[in-house]
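# sequence first, predicted coordinates after that:
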Amino acid sequence: MFDFCAAPDTLDRAAWFACYLTTGKHLLFYQAFGLVIGLMLITAPVALGLGFAGALARRSRVAPLRWLGTGYTSIVRGVPDIAFFLFVPLALDQGLEYLRHRVKCPDWELPVRQGNDFVVCAQAKLPLSSAPQFWHELYGVSLAVAAFAFVFGAFAAFVLSGAMNAVPRAQLETAEAYGMTRRQTTWRILVPQMWVYALPGLSNLWLILIKASPLLFLLGVEDIVYWARELGGAKTRAYAYPHPDWRLWYFLALLVFYLLMTRLSELGFARLTARVSRGQATAGNMQGGAA
């Protein structure tokens, strides 16, 4: 990155580290921190939307919707997360490619399933082999977001469903007595009041999502764990910047990063809880008033 980095062997210690920490791979390492944060910021609202839909489905008077909501939360909560992290991207990828294959290659005569291989025509590949590398990376991240949202959406649905049940039934009955429809009662009485009960569970889910972000490595995404292992491993004289095994220091940097994210999240949720508790007779609000 710097002009004096052309000959690393001639540099003093400070200049050597300045050049080492600004190599192309290190810049990708720094970008991976932004990738992890961006993934969480995108996944959280998507998972919350799925959870909200699942919670409403669990409360629906329509039996098929109720079965769907209950089945979604029960199945995902009962199966190890890693199974869905590996299954959802694969199923989405093959499903989308199969649909494109049927549209773009109607004259294809060979079976798509050939033993253990999944074979579609070149035009149906996602993304196309001729697409820039950026689109390949974006597609991989999109599949990762879908997998994370699918799993955490089920847990969010369970949390939101419990929060809805925690809203005093008397308030819902009062709304119905005033002539509100079920829809009006849900959106004007139930939903605004459920958040104070849901936030403790949602905050836990957010922290679990932060801790689960290293699973991106299993999905083929070059995240911070991938680069920490890659850069921290011992490098011989065959490399421009040889060094012994420094993985301890790289993973220590990840430890600091995750602890900082956790602390900032706790502060954010504490302020959000205090805000939504205003005017509500909850335990948290009473303690805040007593203080």
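Noted; the coordinates are in hand.
# go ahead and confirm residue 176 touches residue 183.
No: the criterion here is CB atoms under 8 Å, and residue 176 misses it with residue 183 at 11.5 Å. C-beta: built from backbone N, CA, C; applies to glycine.
# ranges for the helices of the stretch 51-200 of the chain?
All helices of the stretch 51-200 of the chain, identified by DSSP state H, counting those that start in this stretch, fall at 63-78, 81-104, 133-166, 169-177, 182-185, 191-212.
# in contact with residue 232, which residues?
Listed by CB atoms under 8 Å, 6 or more residues apart in numbering, the contact set of residue 232 reads 245, 246, 247, 248, 249, 250, 251.
# what is the nearest of those residues to residue 151?
residue 251 (24.8 Å; CB to CB).
# what's the helix or strand in which the closest one is found packed up against?
In this structure, residue 251 sits in helix 247-276 according to DSSP states H and E. Applying 3 or more CB pairs under 8 Å, 6 or more residues apart in numbering; DSSP states H and E, we find helix 247-276 packed against helix 191-212, helix 224-232, helix 283-290.
# turn those helices into TSV, including mean pLDDT and distance to residue 262.
Converted to TSV, these look like this (pLDDT from 0 to 100; distance: least, CB to CB, whole Å):
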stretch	mean pLDDT	distance to residue 262
helix 191-212	89	6
helix 224-232	91	15
helix 283-290	45	20
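# please convert those helices to TSV, extending it with distance to residue 163.
As requested, these are exported to TSV (distance: least, CB to CB, whole Å):
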stretch	distance to residue 163
helix 191-212	4
helix 224-232	33
helix 283-290	13
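# just tell me which of the ones you listed ends up closest to residue 32.
helix 224-232 (4.5 Å).
# run the angle between that closest one and helix 247-276 for me.
Per axes from the mean of the first three to the mean of the last three CA atoms, to 10 degrees, the angle that helix 224-232 makes with helix 247-276 is 160 degrees.
# residue 113 pairs with what?
Under the criterion DSSP bridges, residue 113 forms beta bridges with residue 118.
# what about residue 176 and residue 183, which has more around it?
The neighbour comparison of residue 176 against residue 183 (other CB atoms under 10 Å) goes to residue 176, with 14 against 8.
# contact partners for that one?
Residue 176 neighbours (CB under 8 Å, 6+ apart): 182, 185.
# 7 Å instead?
Shown in contact with residue 176 (CB atoms under 7 Å, 6 or more residues apart in numbering): residue 185.
# what's the distance between it and residue 61?
From residue 176 across to residue 61, the span is 14 Å (CB to CB, to the nearest Å).
# related to what we said a few turns ago, of the helices and strands packed on helix 247-276, which is nearest residue 129?
helix 224-232 (23.0 Å).
# for the nearest residue to residue 251 once chain neighbours are set aside, give its distance to residue 96.
What sits nearest to residue 251 in space, not counting adjacent residues and going by CB to CB, 6 or more residues apart in numbering, is residue 228, at 5.7 Å. Distance, residue 228 to residue 96, by CB to CB: 32 Å.
# these two: which is more packed in?
residue 228 (22 against 14).
# the more buried one touches residue 250, doesn't it?
Yes: here residue 228 lies in contact with residue 250, judged by CB atoms under 7 Å, at a distance of 3.9 Å.
# quick one on the thing from earlier: contact partners for the residue nearest to residue 251?
Neighbour list for residue 228: 247, 250, 251, 254 [criterion: CB under 7 Å, 6+ apart].
# tell me the pLDDT of the second one.
Residue 250 is assigned a pLDDT of 93 by the prediction.
# tell me the contacts of it?
Applying CB under 7 Å, 6+ apart, one finds that residue 250 lies in contact with 228, 231, 232.
# do that again at 8 Å, thanks
Contact analysis of residue 250 by CB under 8 Å, 6+ apart lists 228, 229, 231, 232.
# same check, this time on residue 70
By CB under 8 Å, 6+ apart, the contact set of residue 70 is 57, 58.
# quick check: it vs residue 64, distance?
Applying CB to CB, the value for residue 70 to residue 64 is 11 Å.
# before we move on, back to that, pull out the buried members of the contacts of residue 228.
Buried by 16 or more other CB atoms under 10 Å: 250, 254, out of the contacts of residue 228.
# format the contacts of residue 228 as CSV; extra columns: distance to residue 40.
Formatted as CSV, the contacts of residue 228 follow (distance: CB to CB, whole Å):
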residue, distance to residue 40
247, 24
250, 21
251, 19
254, 15
